[in-house]
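Engineer: I need the structure of the sequence given here:
(one chain, ligands or ions: 1)
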Amino acid sequence: SQNYPEWIWQNGQIKHWREATVHVMAHALHYGSSVFEGIRSYETPDGAAIFRLTDHLKRLYLSAKIYDMDIGYSVDELAEACRAVVKKNGLKAAYLRPVSFRDLGGFGLSAECPISTAVAAWQMGPYLGPEALENGIDACVSSWQRFAPNTIPAGAKAGGNYLSGQLIAREARRLGFGEGIALASTGLLSEGAGENLFLVFDGALHTTPASASILTGITRHTLITLAREDGIEVIERDLPREYLYLADEILMCGTAAEVTPIRSVDGKKIGSGKAGPVTRRLQELFFGLFDGKTADRWGWLEPV
Ligand code: PMP
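Structural biologist: Numbering: from 1, shown residues only. Below is the predicted model of the structure:
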């Protein structure tokens, strides 16, 4: 089974993994009332660094604001907790998971429960499998739609949102695909179960807008920035489903998925069926941030 790391930060204290527990009647367990982040640290020539830690934590506070949750720690305090968990577990290339949630304190939907916060970290390789970054994955369009904008806010990274993600990801895997792509309630393209989507046409990148019920990912923003800097045009726009079948290249991106090529959608081959030149260039620029080949002009690498 899982080989868990030893230490977790919970409500201001470093605890043993097995002692970092929650009551079964905690509000979040029943109603999905948690907000969280997924962050990666990388081993760089200058030591371990947490990628865009501050930007991720800022998003955590925005998610909490939407749900009226007062986290009670400052961004700096949580950043320090993130660093402490990486250090104390002796990690370098890791995945960090800060989570804040309505804890035990009432059973009504609008109960004023205390907010608990924890930060875990563990070693993690490529999310969609070791082959995925190199050879790409086979994706399918999900039979499950993303939630509509006036139902659950896609811009908050909240626990409950991931019921949608689980339906999409589990259906895809059950049918033998590497990942599922969801349509928005408008019928237009949205995003992957836990990844944003980029399509390439004539050397330009096209990506779906916030209005397509996506989480506006930090990796998405990173790729937009790196691409524009490199002279690659980036267009945020509505995209109909059939553009998936017509694109020269498609890639998915996210903290976990990093920059993953898609080689087929619904059994139709994309481009040559291998990662295309724009995808390769973005991988080079993105992973170059961590081995020093891409200059970090934005202060994205935050030392542990
Ligand atoms: N969309 C969804 C639904 C996600 O869960 C994620 C992963 N956090 C992303 C997009 C990508 O976001 P990021 O690049 O900030 O990890």
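Engineer: ok, residues contacting stretch 297-304?
Structural biologist: 41-42, 44, 46-55, 79, 83, 86-87, 222, 225, 289-290 (CB atoms under 8 Å, 6 or more residues apart in numbering). All C-beta spots, glycine's among them, are computed from the backbone N, C-alpha and C.
Engineer: Neighbours of the residue in the stretch 151-300 of the chain that the ligand sits nearest to, how many?
Structural biologist: Closest to the ligand within the stretch 151-300 of the chain is G217: 2.7 Å, counting by CB to the nearest ligand atom. If you count neighbours by other CB atoms under 10 Å, G217 ends up with 23.
Engineer: how close does it get to G176?
Structural biologist: 26 Å (CB to CB, to the nearest Å).
Engineer: do the same with S272
Structural biologist: S272 is 22 Å from G176, where distance means CB to CB.
Engineer: same deal with V119?
Structural biologist: With CB to CB as the criterion, V119 and G176 are 35 Å apart.
Engineer: Confirm A139 sits in a strand?
Structural biologist: Yes. With DSSP: H, G, I helix; E, B strand; the rest coil as the criterion, A139 is located in a strand.
Engineer: Tell me the bridge partners for it.
Structural biologist: Under DSSP bridges, the beta-bridge partners of A139 are E179, V265.
Engineer: I'd guessed it sits against G176; true?
Structural biologist: No. In this structure, A139 is not within contact of G176 by CB atoms under 8 Å, at 11.3 Å.
Engineer: and T151, how many neighbours?
Structural biologist: Residues near T151, counting by other CB under 10 Å: 10.
Engineer: before we move on, what SS does it have?
Structural biologist: Going by three-state DSSP: T151 is coil.
Engineer: Let me see the contact set for it.
Structural biologist: Contacts of T151 (CB under 8 Å, 6+ apart): none.
Engineer: Which elements pack onto the lowest-mean-pLDDT helix or strand in the chain?
Structural biologist: Ranked by mean pLDDT, DSSP states H and E, the weakest helix or strand in the chain is helix 132-135, scoring a mean of 91. Packing partners of helix 132-135 (3 or more CB pairs under 8 Å, 6 or more residues apart in numbering; DSSP states H and E): strand 258-265.
Engineer: Distance check, the closest residue to D238 other than its chain neighbours against A212.
Structural biologist: Among residues not flanking D238 along the chain, L188 sits closest, at 5.1 Å (CB to CB, 6 or more residues apart in numbering). Per CB to CB, L188 is found 6 Å from A212.
Engineer: show me where the stretch 101-250 of the chain has helices.
Structural biologist: 132-135, 162-174, 218-229, 243-246 (DSSP state H, counting those that start in this stretch).
Engineer: domains for this protein, by residue range?
Structural biologist: What automatic domain parsing lists as the domains of the chain is 7-123, 132-291.
Engineer: mind putting those domains in JSON lines, distance to G299 included?
Structural biologist: Output for these, formatted as JSON lines (distance: least, CB to CB, whole Å):
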{"stretch": "domain 7-123", "distance to G299": "9"}
{"stretch": "domain 132-291", "distance to G299": "11"}
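Engineer: What pLDDT is listed against S1?
Structural biologist: S1 is assigned a pLDDT of 48 by the prediction.
Engineer: ugh, wrong one, I meant E131
Structural biologist: 89.
Engineer: Phi and psi next, for it.
Structural biologist: phi -80, psi -30 (degrees, to the nearest 10).
Engineer: Count the neighbours of it for me.
Structural biologist: 11.
Engineer: repeat for S116
Structural biologist: 22.
Engineer: Give me the contact list for the least confident helix or strand of the chain.
Structural biologist: Here helix 132-135 makes contact (CB under 8 Å, 6+ apart) with 126, 178, 257-261, 263, 274-275, 283.
Engineer: Need the three-state assignment for P5.
Structural biologist: Looking at P5 with three-state DSSP, the answer is coil.
Engineer: so who does T255 touch?
Structural biologist: Counted by CB under 8 Å, 6+ apart, T255 has contacts 38-40, 51, 56, 95, 217-219.
Engineer: If I look at the residue nearest to it when sequence neighbours are not counted, what pLDDT would I see?
Structural biologist: Among residues not flanking T255 along the chain, G38 sits closest, at 4.6 Å (CB to CB, 6+ apart). The model reports G38 with a pLDDT of 98.
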